[in-house]
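Chemist: structure for this input, please:
(chains A and B)
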There are 2 protein chains.
Amino acid sequence: MSSATDAFVQSNQPRFLDELKNFLRIPSISTLPEHAADVQRAAQFVADGLKAAGLENSAIIPTKRHPLVYADWLHAPGKPTVLCYGHYDVQPADPLELWTSPPFEPSVRDGNIYARGSADDKGQMYMHLKAVETLRAVNGTLPVNLKFLIEGEEEVGGGSIANYVAEHAPKLKADVALVSDTALYAPGIPTLCIGLRGLVYMEVEATGPSRDLHSGLYGGAAPNAVFGLIELLAKAKNSRGEIKIPGVYDDVEPPAPAEKESWAHLPFKERDFLRNEVGSTKLVGETQYSVLERIWARPTFEVHGIAGGFTGVGSKTVIPAKATAKVSIRLVPRQDPDKIVVAFRQFVKKHAPRGIKLDVRVLTASPGLVVNPDHPAIQVAARAFSDILQKSTVFIRSGGSIPIVGDFATHLGIPTILMGFGLPDDGLHSPNEKYSLDNYYKGIMTIAHFFEEYGSKALS
Amino acid sequence: MSSATDAFVQSNQPRFLDELKNFLRIPSISTLPEHAADVQRAAQFVADGLKAAGLENSAIIPTKRHPLVYADWLHAPGKPTVLCYGHYDVQPADPLELWTSPPFEPSVRDGNIYARGSADDKGQMYMHLKAVETLRAVNGTLPVNLKFLIEGEEEVGGGSIANYVAEHAPKLKADVALVSDTALYAPGIPTLCIGLRGLVYMEVEATGPSRDLHSGLYGGAAPNAVFGLIELLAKAKNSRGEIKIPGVYDDVEPPAPAEKESWAHLPFKERDFLRNEVGSTKLVGETQYSVLERIWARPTFEVHGIAGGFTGVGSKTVIPAKATAKVSIRLVPRQDPDKIVVAFRQFVKKHAPRGIKLDVRVLTASPGLVVNPDHPAIQVAARAFSDILQKSTVFIRSGGSIPIVGDFATHLGIPTILMGFGLPDDGLHSPNEKYSLDNYYKGIMTIAHFFEEYGSKALS
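Modeler: This next block holds a predicted model:
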């Protein structure tokens, strides 16, 4: 492996930091219309950065909302092609008063750079560009073919990139995708995420009487939309965390014994997780499974929000006509989102309380995914990671969903390497978001090593 | 009984209507700060009207919010004293676009006067003044002693009048209270309401994790405040409408067989009630009881509103940290509100879901009430009512609560005659509120007859 690239990164640290700061100064908040011009400016920054790194065909691709940025370098015949993904948009920064330094004036303290988007995902996405620049500077060429597809709607769940991937599969064809938008399991532990849960997200609307009624005059005989919704949803999960929607567990595939075994060796402390992360009095759920299994490899039913009736200050005695809840079922690999939607609809139909009309609207339905840890690209990535961090790479899952990984699997038929350099306490979506500068530089080195080794591997 | 008073009302109809119109033109919306001056103007209108009718000591009594209006006439020694109550404030008028004629420009159509407050309660309260004026015009004196206490906070649930009654019991001492703020059971049927349900209204707050959590990263192990609240509330009532809070039914007193029997003869049609009033697909509740018994004489548990987590457009995958619900238990006579609060708190404690902290705040706690239909004042009122409407008076209950009736019972030790002349379709609190002019004039006659007969009765 090239220690020349490591040396290049080492000696260019101040410049790499300055450039990242320029990127972080752009308040590219994708959800706020007043920042549309900033989002556009960030797209231009990325397009320029890709060109400067030596990539070709750099283009800003307009969409219905925020543009995609594309670039490629395809001069390594016989070598594999890596599709690099990231996003240049960021979350809103409020509440501003909780930031120690302003969210869009990057500030370095204790080896971290503090700014909105530093870890999610500008700082991580930018490592890919710097790895390319490093390899070209050191070797005059690149060891693999590269395609970059960077979006500006990740934080708003925009569908533009999914449509683009579906419609431009030949153009985006690659052997593997590389995404740096996750975190190390703990500081210093090289971590590849090889499993994600899927998500069926639905809205349930309950209708009772034709208008809000006076509970004194009608209470005892009129159906109550809020209580009807409560009655229904309470039946979906019992107090032991078991989902009571028939069929939901039918296709659940447990993690392989080796994978489960490896999780047992992670530095996970239930007490710290409860106190420092969850912050409640007790953990809940299916206690016959370990906490990591519960959050990574078991389906869940959650109510994300509920609204109905009078919720202002004081008392108003209405029997509400309407109530709405947002609910989701997280899926593990092999569960079919469409089947789960059908199961939920049947459950709702069967348990509809008397006098209550229920409507179910599906907002998202994506499957869970696992990548085979024996896939050559994953093996190479794990080695590159271990080389730089000087520790064995751990394979974990995440209980969350990264829809683009499913899109790459579905439309391009390729696995995704989730090789992120964030840390669990980076404060994504929160005030004082930070990114470790050590991880930033080591990330650039690791990605450069990965490209090199993956290119040389394929030659042998 | 005097047909002279009837004749006086008859011949003064145009003036009585014009005066009511002037009252209705004042937009005395008590909940909107921008109408504070109008509320004050309405208080002045009432004070002036009481004086003009021949009452003495007319005074506008300031409170923390909107003033009370008091007046009396105490020159009938040896005769009983009637305390007349009403309110001069009104509900907001929005949505304005649904009104056929503007809410504060009274308009007569098809024998009804359309305006906000026409039935609730200006038109009804004003009958009391006109009855006094009529009696004095015809007889030169009054047959009973009278005290008037009119409030301006009824529509905002203000506590001023309750405090005033508690603190001025000697001043307000009377034999019976008279309130015209209810409706006939159906057009043309003289109706006295002799029972009201009580109300324990509470707010329940659930707390799970210390902040909203990402449901992908924590779902399966972290407690969900919204689901915890749903789990709890679903246990409070079963699908047959039975409250499952231990002790709630302990002191429930069923209506007397004769009272139940009389309800069976009311022109109640379940099908019309479902279609025209409730507007849902089915009625619910304890079907072993009649609908009238369910809404008048059975305790109920309702959730009036619930809020928690993400309820905006689209999908956000949070595990909510907090959720709040407004709940109430309606009480029938003999149930003790304080005992019910204790029972609910015990229920909440016992069923608190794992990892969820629950707080209960009591907003209102008032008992149910029944008036003995054999009370002399009630008997006299029933007769006066029958004389004017030429039909037998029916005795009904209301499932709602009128807190002032409880205050009169508690602090003055007197029963209240609920003798209202509204109709079920008057549209209180809705657009196009109306009041039947026939009922307005007959109401004045009925009240005059009641005062006369109650005065003469006491002499015999």
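Chemist: hey, let's count contacts and neighbours off CA atoms from now on
Modeler: Fine.
Chemist: quick one: the closest residue to chain B within the stretch 151-300 of chain A from residue A:353, how far?
Modeler: Per Cα to the nearest Cα, the residue of the stretch 151-300 of chain A with the smallest distance to chain B is residue A:216, at 3.6 Å. For residue A:216, the distance to residue A:353 equals 21 Å [Cα to Cα, to the nearest Å].
Chemist: buried by neighbour count: which residues of the host helix or strand of residue A:455 qualify?
Modeler: Residue A:455 is part of helix A:437-459 when elements are defined by DSSP states H and E. For helix A:437-459, the buried set under the neighbour-count rule, 16 or more other Cα atoms under 10 Å in any protein chain shown, comprises A:437, A:439-455.
Chemist: next one: stretch A:163-176
Modeler: A:164, A:165, A:166, A:172, A:173, A:174, A:175, A:176.
Chemist: cool, stretch A:347-358 as well?
Modeler: By 16+ other Cα under 10 Å, the buried positions in stretch A:347-358 come out as A:347, A:348, A:352, A:353, A:354, A:355, A:356, A:357, A:358.
Chemist: remind me what the helix holding residue A:455 packs against, helices and strands.
Modeler: The contact analysis (3 or more Cα pairs under 8 Å, 6 or more residues apart in numbering or on different chains; DSSP states H and E) places helix A:437-459 against helix A:3-11, strand A:112-114, helix A:122-139, helix A:376-389.
Chemist: for the residue most central in space within chain A, give its distance to residue A:334.
Modeler: For chain A, the residue nearest the mean C-alpha position is residue A:402 (4.2 Å; Cα atoms, centre = their mean). Shown here: residue A:402 relative to residue A:334, a distance of 16 Å by Cα to Cα.
Chemist: about what we covered before: quick check, pLDDT for the closest residue in space to the residue of the stretch 151-300 of chain A closest to chain B that isn't next to it in sequence.
Modeler: Using Cα to Cα, 6 or more residues apart in numbering or on different chains and skipping the chain neighbours, the partner closest in space to residue A:216 is residue B:400 (3.6 Å). For residue B:400, the model assigns a pLDDT of 91.
Chemist: tell me the SS of residue B:400?
Modeler: coil (DSSP: H, G, I helix; E, B strand; the rest coil).
Chemist: that one: how many residues sit nearby?
Modeler: 23 (other Cα atoms under 10 Å in any protein chain shown).
Chemist: quick check: phi and psi at it.
Modeler: For residue B:400, the backbone dihedrals (degrees, to the nearest 10) come out as phi -80, psi -180.
Chemist: OK, contacts around the residue of the stretch 1-150 of chain A found nearest chain B?
Modeler: Ranking the residues of the stretch 1-150 of chain A by distance to chain B (Cα to the nearest Cα) places residue A:31 first, at 12.4 Å. For residue A:31, the contact set (Cα atoms under 8 Å, 6 or more residues apart in numbering or on different chains) comprises A:91, A:92, A:155, A:156.
Chemist: same thing but 10 Å
Modeler: Counting by Cα atoms under 10 Å, 6 or more residues apart in numbering or on different chains, residue A:31 touches A:39, A:66, A:89-92, A:152-158.
Chemist: check residue A:160 too.
Modeler: A:62, A:63, A:64, A:65, A:66, A:67, A:68, A:151, A:152, A:153, A:154, A:166.
Chemist: quickly list the domain ranges of chain A.
Modeler: A:3-196+A:368-459, A:198-252+A:299-366 (automatic domain parsing).
Chemist: what is the mean pLDDT for the last one?
Modeler: Predicted confidence along domain A:198-252+A:299-366 averages 96 (mean pLDDT).
Chemist: gap between the two ends of that domain?
Modeler: For domain A:198-252+A:299-366, the end-to-end distance is 5 Å (Cα to Cα).
Chemist: and it, how far out from the chain middle?
Modeler: Relative to its chain's centre, domain A:198-252+A:299-366 lies at 26 Å (Cα atoms, centre = their mean, to the nearest Å).
Chemist: circling back: need the three-state assignment for the residue of the stretch 1-150 of chain A closest to chain B.
Modeler: Per three-state DSSP, residue A:31 ends up coil.
Chemist: how about residue A:34?
Modeler: helix.
Chemist: ok, now which ones touch it?
Modeler: residue A:28.
Chemist: how near is it to residue A:155?
Modeler: 16 Å.
Chemist: got the angle between the helix holding residue A:455 and helix A:376-389?
Modeler: 140 degrees (axes from the mean of the first three to the mean of the last three Cα atoms, to 10 degrees).
Chemist: okay, and the residue located most distally from the centre of chain A sits in which element?
Modeler: Centroid-distance maximum for chain A: residue A:217 at 49.7 Å, with Cα atoms, centre = their mean. In this assignment (DSSP H and E), residue A:217 forms part of helix A:215-218.
Chemist: what residues sit buried inside the next helix or strand after that helix?
Modeler: Next helix or strand after helix A:215-218 toward the C-terminus (DSSP H and E): helix A:225-234. Burial within helix A:225-234, assessed by neighbour count using 16+ other Cα under 10 Å, is assigned to A:225, A:226, A:227, A:228, A:229, A:230, A:231, A:232, A:233, A:234.
Chemist: list the residues that contact the residue nearest to the last one when sequence neighbours are not counted.
Modeler: In space, residue A:234 comes closest to residue B:231 once its chain neighbours are excluded; the distance is 5.2 Å by Cα to Cα, 6+ apart. For residue B:231, the contact set (Cα under 10 Å, 6+ apart) comprises A:230, A:231, A:233, A:234, A:235, A:237, A:238, A:239, B:225, B:351, B:352, B:353.
Chemist: test my guess that residue A:21 contacts residue A:104.
Modeler: Yes - the criterion here is Cα atoms under 10 Å, and residue A:21 meets it with residue A:104 at 9.0 Å.
Chemist: so what sits against both of these two?
Modeler: Common neighbours of residue A:21 and residue A:104 (Cα under 10 Å, 6+ apart) are A:114, A:115, A:118.
Chemist: make TSV from those and add distance to residue A:257 and neighbour count to it.
Modeler: What follows is those, written out as TSV (distance: Cα to Cα, whole Å; neighbours: other Cα atoms under 10 Å in any protein chain shown):
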residue	distance to residue A:257	neighbour count
A:114	40	31
A:115	41	28
A:118	37	33
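Chemist: much appreciated, bye for now.
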